[in-house]
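Colleague: Mind folding the following:
(2 chains)
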Amino acid sequence: MQARSQTAEQQRISKEFAFPGDVDSLASSRQALMDFLAPYCAGEAEELDIFIALQEALANAVLHGCQNDASKTIQCRVEIDPSALLITVRDPGPGFDSGMATESTEAGTNVSQHGRGICLMRSLMDEVSYRHGGTELQLRKLRAASA
Amino acid sequence: MLRVEVHALPQAATLRCIGRIVMGVECEILRCMAEARTEASLILDLAQVRAMDAAGLGLVVELHCKALHRGQALHIVGASRPVCTLMALTCLHSVLDVSGCEEAELDSDDKGLRFAGRYMTA
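Modeller: Next comes the predicted model:
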């Protein structure tokens, strides 16, 4: 683990993942990403931030991008460099208006059972951005030395 | 992984949650166990919950609404620091009956919310 962290400080590391788009696969997908990312986290609190943000990103991709269909695929890319951890989650869905979703979740207390995922991701990560019509999500967490 | 321990008295049942309350089987376990309780008071002990996601927060809201509908009272006690912070981030601590989150509330009032390395103004 120590050697792996030292290597990450010197160069960019990246890895691609592909996961089935159903709820039953969500926990193992998240775990695979966390197994790769955890050694590069600054501590337990940062690891928990990333765990929750990843959970939300994957859940949205499964429910909205894949309609809980295991035959569909969620593509993920993790990039680690000296300044940040960058996670990209891409789903095969039709996309959505991320501006509208952000407004609805941050307008005040949400007393419904849904609609908190984007708000949580934006709170826990340093940068959250949608591209390609909402089908690709990028999560960026600055590394401790550069935050 | 989530384990739920039930401590039942004639008028109150405590569901002690240990692990994570996240989308999937964890949420389903807690939903089933909570909905099966008929006591007048339902207490969710979240002291040993290490992580909760939006689905977990939504489930707590759902249980709160169902308890009101059934004439039950739902109390959330001993929430761990991560859970308190998430409740404060989503403003649910002002809607639900949550005890033990005073420190997180103080953070949100005074200087924004701190989870790990980042502050967010509430």
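Colleague: quick one: the residue positioned nearest the centre of chain A and A:Gly117, what's the gap?
Modeller: Against the mean C-alpha coordinate of chain A, by CA atoms, centre = their mean, the closest residue is A:Leu54 at 3.6 Å. According to CB to CB, to the nearest Å, A:Leu54 and A:Gly117 sit 11 Å apart. (Each C-beta comes from the backbone N, C-alpha and C, glycine too.)
Colleague: Also B:Leu92?
Modeller: B:Leu92 is 14 Å from A:Gly117, by CB to CB.
Colleague: Show me which of the two is the more surrounded one.
Modeller: Neighbour totals were compared for B:Leu92 and A:Gly117, and A:Gly117 leads with 25 against 22 (other CB atoms under 10 Å in any protein chain shown).
Colleague: Sketch out the helices for chain B, chain order is fine.
Modeller: B:25-35, B:54-69, B:81-89, B:102-111 (DSSP state H).
Colleague: Could you single out the most deeply buried of those?
Modeller: Highest mean neighbour count among these (mean count of other CB atoms under 10 Å in any protein chain shown): helix B:81-89, with a mean of 24.
Colleague: can you give me the mean pLDDT across it?
Modeller: Here helix B:81-89 scores 87 as its mean pLDDT.
Colleague: next one: stretch A:47-65
Modeller: Mean predicted confidence for stretch A:47-65 is 94.
Colleague: How far off centre is that stretch?
Modeller: 5 Å (CA atoms, centre = their mean, to the nearest Å).
Colleague: quick one: it near chain B?
Modeller: Yes - shown here: stretch A:47-65 in contact with chain B (CB under 8 Å from any CB of the partner chain) through A:Leu48, A:Asp49, A:Phe51, A:Ile52, A:Gln55, A:Glu56, A:Ala59.
Colleague: Rebuild those residues as TSV, extending it with secondary structure and neighbour count.
Modeller: Converted to TSV, those look like this (DSSP: H, G, I helix; E, B strand; the rest coil; neighbours: other CB atoms under 10 Å in any protein chain shown):
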residue	secondary structure	neighbour count
A:Leu48	helix	18
A:Asp49	helix	24
A:Phe51	helix	25
A:Ile52	helix	27
A:Gln55	helix	29
A:Glu56	helix	28
A:Ala59	helix	20
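Colleague: Among those, which one lies nearest to A:Met125?
Modeller: Closest approach to A:Met125 among those (CB to CB): A:Asp49, at 7.0 Å.
Colleague: mind listing what residue 26 touches?
Modeller: As the question left the chain open, I've gone with chain A. A:Gln55, A:Leu58, A:Ala59, A:Val62, B:Met23, B:Gly24 (CB atoms under 8 Å, 6 or more residues apart in numbering or on different chains).
Colleague: Sorry, I should have been clearer: chain B.
Modeller: B:Met1, B:Leu2, B:Gly19, B:Arg20, B:Gly56.
Colleague: Just the pLDDT for residue 41.
Modeller: In the absence of a named chain, chain A is used. 92.
Colleague: Chain B, not that one
Modeller: According to the model, B:Ser41 scores 95 on pLDDT.
Colleague: any idea what sits nearest it, other than its immediate chain neighbours?
Modeller: B:Ala12 (4.0 Å; CB to CB, 6 or more residues apart in numbering or on different chains).
Colleague: Look at that neighbour and say how many residues are nearby.
Modeller: 16.
Colleague: From what I see, it and B:Ala40 are in contact.
Modeller: Yes - using CB atoms under 8 Å, B:Ala12 is in contact with B:Ala40, at 7.0 Å.
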